[in-house]
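# Sequence and computational prediction follow.
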Amino acid sequence: MRGPNMINNDNAEIKRLEANATKEVPLAKWGPYLSERQWGTVREDYSKNGDAWNYFPHDHARSRAYRWGEDGLGGISDINQQMCFAIALWNGKDPILKERLFGMGNQEGNHGEDVKELYYYLDNVPSHYYMKYLYKYPHEAYPYFDLININKSRSKQDPEYEILDTGIFDDDKYFDVYVEYAKKDEDDIFIKIEILNRGNDKAAITVLPTLWFYNYWQYTGDESKPNINFINDQSVKATHQSLGDYFLYFQKTNDILFTENETNFEKLFQKPNESEFVKDSFHDAIIHGKNYDKLKEKKGGTKCAPVYYLEIEANQSQCIFLRLTNNETNESFENGFEEIFSARKKEADDFYGSIHPKSCTEDQKNIQRQAFAGMLWNKQFYHYDVDRWINTSDGITPISKERKNGRNHRWKYLKNQDILSMPDNWEYPWYAAWDTAFHCITLAIIDPVFAKHQLTLLMREWYMDPQGQLPAYEWNLSDVNPPLHAFAALQIYKTEQELYGKSDIVFLKSIFQKLIINFTWWINRKDADGNSIFEGGFLGLDNIGLFNRSMVLPGNTLLEQADGTSWMGMYALDMMNIALTIALEDVSFEDTATKFYEHFVMIAEALNELGLWNEEDKFFYDVLSLNKSQAFPLKIRSLIGLSAMFAVTVVEKEVFDSLHDFTKRMKWFQNYRRSNNLYLPSQDRSNTESILLSLVDKERLQYLCARLLDESEFFSNGGIRALSKFYQENPYSLQLGGTTYSIEYDPGDSTSGMFGGNSNWRGPVWMPVNYLFINAFNTFGSFYGDDVKVECPVGSGKYLNLMDVGKEITHRLLHIFEKNDQNERVTNGPYNWFYKKEENKDLLLFHEYFHGDTLRGLGASHQTGWTGLIANLIHELNMQE
């Protein structure tokens, strides 16, 4: 019997996903797995000093073969990234052939790294049978040097100088370049490149649809080298020892060029090349005319591109069609072949039509669909073998003792070679442990099998270290992220159950075993005094602290973290819930649930009784412990002190009725603690005999709500700020070890250089933690109903139950994205003049975070990773209303 919210499975995409689920690795063979940026990554850094940005800068990318992956513009690759396809463009004026996106390196931007391009993930489906990408390319020379020089000259107090500030897109002097993919089957992909001239004058553009092989023969030798060979003036044949044969068919072209995916040592390092055919030969041939005829005559290589010289009339478009297939055919573009694009687009419409709640507005559907598209386009092939990376040379820099004892050296067993969900394919083209947890929550709506696969991957032995730590991110695998993976596992389980009618207990059992190992690592390594007060360092919140919370403090000073302790309380509750869910099917897990309940009680006691709660301020604070005797709170009202609200659950009567041992043990434990005057956390009981478990009792919850829902503190028009606005006029300072540390409300780009300076937790609104607040309010609200109401916002005289508070926060978050009466979206800030244009009015970016006052999008611009949670909120809101 189908539930009221279950997705209609009578469409082609759902059937493909069902077939995909039977595979060992539930992924399409071809997909958008090509990164937007491979340069400037840790993987490509072989320097002694670990300066990844300067070791492999953007200016090297067109000339230097990568070691660990590839990148390109609007591109695709096979699942192992052996063969890649992407577009290259030249407007006749640029100094560079546009083969990849441009942006600031970390030291070039006044707020760290930042892409300086306009591109959009318009559409995608989980099987990647249909995908659409948009890149906006100016008619005039791209302002590379202008962007670099002005951003370098600006201080951290200044806004970033963006591409729309340069004037290059004024007067509509640009091309819209659409790249569309439609699969006939798993190995047969039709490609449409449509170039639309938005200007009022005819404009020329050169287009190179490029097929190339990843240079793996740099490891294995030339005997295994693949090749792309000329067949005729409308096709080439690509041969690879493991992929087999593929054919790229294309319509009539001006020329076909061939070269090799090899480093141009002569240009970069003043060393002789083995051949004149190198990676940047197309750049030199198109821009400077160098060796153009030789590239035409070559007829074979590891990189190939048909060349199209187009002149497009004002407000008109031209299309280029290609086909990449493993089938050799004489009918590459049979009559009516274009219909495959409309057919696949219709299937995508049907799929998302079954996903969108019926009560959604058209604008909400567009927001949700582009959020999902961004999630899917941010799937990336990721390859990093730390042992090989440390102990081999890239052919440029010798192996060094500095690298053998440098970054990530203790993670030598980490061997990643998978398709992973990235936070942002340009700004963060590497996975981060807690980001991945949030990604999977969103992906579960459209592809729960892939979501489960991603979460499980992080727990595998080639990711998790032998002691149970999860890798944080490639810049420092040993950093610690909040342990949200049990929470994510439960959310995935519930989403698949609600929308697809499947209760995957096997998944829960599998991941639960690995989570126990990780939980044990936390207990043993991050609770220094064994008192259930946890450290953890920066915990993914970068600069939210007064100082870098990962640094070693002077003397015997210890930072006891309210959020570290709260995250662990949440972790314990989620592990208990997983164990209870499994125990209803398999009673052998019952006693494990009891164990995690007892962990939760001890953590709750530590949080509430050992000095982290400040009774005067009615708030949780981090505490500095000096010499394990003197301790004082860091009185900073931030997300750190509110995170205790996240740890809440309701244990239903069904559990107590079915699991007698758990019920008996829980009652004994409670009675024991009461009889010995020991702390017990909030355990309110409802009329239906369900029990609420929470780190904060009803009274403290209301105190925290009084801060959280105060618009002069945390409550912005677009959700919950990470730091109270109180510190705008009242900065907080502390002297420690001869150094003065200060913090103030900083609602926009970071003015701190901490953790690279490209993200800011001192005032902006962040989607993932807002999602956690909403989840908590929904849980509290479902239990208390109208018995608990709080003033929302504070000072308004309006009292809401906690479920309605969650809805209010959701509406405020939606306000960031939805079009207002002026046809503007507040996230676009000063650039609404551009996004109000007819052709741009439905384009959306999903920024990393949002200005705490204006709500303008900031940080990474395509971080649908966790900002994609807006898709979940749209779903949940419309299910409630």
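That came through, no problem. Numbers count the residues shown, from 1 in each chain.
# CA only for contacts and neighbour counts going forward, please
Noted.
# Which element, helix or strand, includes F341?
Assessed by DSSP states H and E, F341 sits inside helix 339-355.
# Buried residues, that helix. List them.
Counting neighbours by 16 or more other C-alpha atoms under 10 Å, one finds that the buried residues in helix 339-355 are 340-341, 344-345, 347-355.
# just stretch 630-638 next, same as before
For stretch 630-638, using 16+ other C-alpha under 10 Å, the buried residues are A631, P633, L634, K635, I636, R637, S638.
# mind checking how far the fifth one is from L420?
When C-alpha to C-alpha, to the nearest Å is the yardstick, I636 and L420 sit 36 Å from each other.
# just the last one next, same as before
Computed with C-alpha to C-alpha, the distance linking S638 and L420 is 32 Å.
# can you give me the mean pLDDT across stretch 247-255?
In this model, stretch 247-255 has a mean pLDDT of 95.
# Can you name the residues in contact with it?
With contacts defined as C-alpha atoms under 8 Å, 6 or more residues apart in numbering, stretch 247-255 is touched by 233-238, 296, 306-309, 320-328, 332.
# on that earlier part again, out of the buried residues of helix 339-355, flag the one nearest to V278.
The shortest gap between V278 and any of the buried residues of helix 339-355 belongs to F341, at 35.0 Å (C-alpha to C-alpha).
# Look up the closest residue to that closest one, ignoring the ones flanking it.
A182 (5.6 Å; C-alpha to C-alpha, 6 or more residues apart in numbering).
# now the strands for the stretch 751-881 of the chain?
789-791, 799-801, 849-850, 857-858 (DSSP state E, counting those that start in this stretch).
# ranking these by burial, who's on top?
Highest mean neighbour count among the strands of the stretch 751-881 of the chain (mean count of other C-alpha atoms under 10 Å): strand 849-850, with a mean of 28.
# contacts for it?
By C-alpha under 8 Å, 6+ apart, strand 849-850 touches G748, P764, V765, W766, M767, T827, R856, G857, L858, G859, T867.
# Need these in TSV (columns: distance to T220 and pLDDT).
What follows is those, written out as TSV (distance: C-alpha to C-alpha, whole Å; pLDDT from 0 to 100):
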residue	distance to T220	pLDDT
G748	48	93
P764	48	96
V765	48	98
W766	45	97
M767	45	97
T827	48	98
R856	49	98
G857	45	97
L858	43	96
G859	40	94
T867	41	97
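# Out of the residues you listed, list just those in helices.
Among the contacts of strand 849-850, DSSP state H puts M767, T867 in helices.
# Show me the two of the contacts of strand 849-850 that sit farthest apart.
Greatest spatial distance among the contacts of strand 849-850 (C-alpha to C-alpha): G748 and T867, at 16.7 Å.
# Just the strands from the stretch 151-300 of the chain, written as ranges.
Under DSSP E, counting those that start in this stretch, the stretch 151-300 of the chain gives strands at 174-185, 188-197, 203-213, 227-232, 235-240, 244-250, 255-259, 300-301.
# Just put the ones you listed in CSV and tack on distance to K841 and mean neighbour count.
Formatted as CSV, those follow (distance: least, C-alpha to C-alpha, whole Å; neighbours: other C-alpha atoms under 10 Å):
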stretch, distance to K841, mean neighbour count
strand 174-185, 14, 21
strand 188-197, 17, 22
strand 203-213, 24, 22
strand 227-232, 41, 18
strand 235-240, 38, 21
strand 244-250, 33, 20
strand 255-259, 37, 24
strand 300-301, 43, 22
